[in-house]
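>>> 3D model of this:
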Amino acid sequence: MSNPPSLPHAKRPRTFLRTVLWSLPLHVAGSIAIVGGAAAYYSSIVSSHGTWATVGSWSLTAIYVVGALIGGALAGVLSAAQQTVERLELALRDWLHALPSILSSSTPAERSLATVRQEYEAMVDRCVTHTAERLRLPRWLDKLIRTALQGVVVDRFITSCTDRGLHLVAPQEFRNWLLAEGVSLGFMPVQDQLSLWRYLILGLLGLLVAIVLVLAWLNN
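Just a heads-up that it's a prediction; the model follows:
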């Protein structure tokens with residue numbers, strides 16, 4: 001199989017590190033402003049209740065700020081990971097569109113489904129490798145993507161062929177199926193998992209804000 005062609009320099013996707021440098025400050029600043037601001041508001045109300053109340057409330061504010069810093073950083077990294085996976089999927093589609101053939105010219109016009117599984121899994125792994133190298137994915141994200149894609153894409157393709165009554169497939173059949181639905185099906189679990197983690201962290205930060213605002217209302 002030939003290697004995926006390179007994109008022009010202007011069309012090359014943004015790397016994971018550049019996405020993190022853009023996403024991380026926004027999430028951290030927003031988290032500290034909202035969570036830390038709510039805690040500071042509570043402290044300003046409680047500070048009139050005595051010295052120990054003041055010390056305790058501002059200690060709580062410091063803890064909230066640290067929690068917002070950590071939570072915002074994690075949410076920013078996960079947001080960058082989501083954007084990078086989207087770019088990876090789009091770049092993979094572009095290279096599949098530009099790929100004249102996914103197998104060598106000596107490959108028979110049609111192959112049995114029983115013989116193509118390992119060959120197609122290797123093709124998916126190679127395409128993802130070439131695309132991921134340009135995005136400079138961190139090891140944990142690369143592993144997450146490969147774990148999600150391993151076996152799933154080819155299994156779905158073979159199931160699709162079986163459902164349509166196909167037992168022999170042409171070399172272009174798998175590439176066309178990848179462009180039509182296979183790439184989306186493969187990346188969907190990764191996007192869902194990253195989104196779940198991100199919204200879970202944001203939900204916990206929101207819960208902290210709700211708690212401290214209720215305390216402020218009770219002490220007002």
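>>> got the contact list for the lowest-mean-pLDDT helix or strand in the chain?
Within the chain, no helix or strand scores below strand 111-112, which has a mean of 74 by mean pLDDT, DSSP states H and E. Outside strand 111-112, the residues within contact range by C-beta atoms under 8 Å, 6 or more residues apart in numbering are 167-171. The C-beta positions use only the backbone N, C-alpha and C, and glycine is treated the same way.
>>> Would you mind putting these into TSV with neighbour count and pLDDT alongside?
Output for the contacts of strand 111-112, formatted as TSV (neighbours: other C-beta atoms under 10 Å; pLDDT from 0 to 100):
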residue	neighbour count	pLDDT
167	11	77
168	13	79
169	20	79
170	15	74
171	19	67
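>>> Nearest to residue 209, out of the residues you listed: which one, please.
residue 169 (54.3 Å; C-beta to C-beta).
>>> these two touch, right, the closest one and residue 115?
No - contact criterion C-beta atoms under 8 Å: residue 169 and residue 115 do not qualify, at 9.9 Å.
>>> If I look at the residue nearest in space to the middle of the chain, what pLDDT would I see?
Geometric centre of the chain, nearest residue: residue 82, 2.9 Å, by C-alpha atoms, centre = their mean. Note for residue 82: predicted pLDDT of 92.
>>> tell me which element it is part of?
Residue 82 belongs to helix 51-98 when elements are defined using DSSP states H and E.
>>> Against residue 57, how distant is residue 183?
For residue 183, the distance to residue 57 (C-beta to C-beta, to the nearest Å) stands at 52 Å.
>>> and if you look at residue 139?
42 Å.
>>> of the two, who's got more company?
residue 57 (22 against 7; other C-beta atoms under 10 Å).
>>> give the contact list for that one.
Each residue near residue 57 by C-beta under 8 Å, 6+ apart is listed here: 42-43, 46-47.
>>> run the last query once more with 6 Å
By C-beta atoms under 6 Å, 6 or more residues apart in numbering, the contact set of residue 57 is 43, 46.
>>> Over to the one 3 residues further on?
Residues in contact with residue 60 (C-beta under 6 Å, 6+ apart): none are found.
>>> how about 10 Å then?
39-40, 42-43, 46, 212, 215 (C-beta atoms under 10 Å, 6 or more residues apart in numbering).
>>> Which stretches in the protein count as helices?
In chain order, the chain shows helices spanning 16-31, 37-46, 51-98, 113-135, 139-149, 152-163, 171-177, 183-219, with DSSP state H as the criterion.
>>> how about the shortest one: buried residues?
When burial is assessed from 16 or more other C-beta atoms under 10 Å, helix 171-177 yields the following buried residues: 171, 173-175, 177.
>>> same thing with the fifth one?
Neighbour counts over helix 139-149 (16+ other C-beta under 10 Å) mark 141-142, 144-145, 148-149 as buried.
>>> Surely residue 82 touches residue 20?
No - judged on C-beta atoms under 10 Å, residue 82 makes no contact with residue 20 at a distance of 11.6 Å.
>>> could you give the mean pLDDT of stretch 184-195?
The model assigns stretch 184-195 a mean pLDDT of 86.
>>> Off-centre distance for that stretch?
Here stretch 184-195 is found 7 Å from its chain centre; the criterion is C-alpha atoms, centre = their mean, to the nearest Å.
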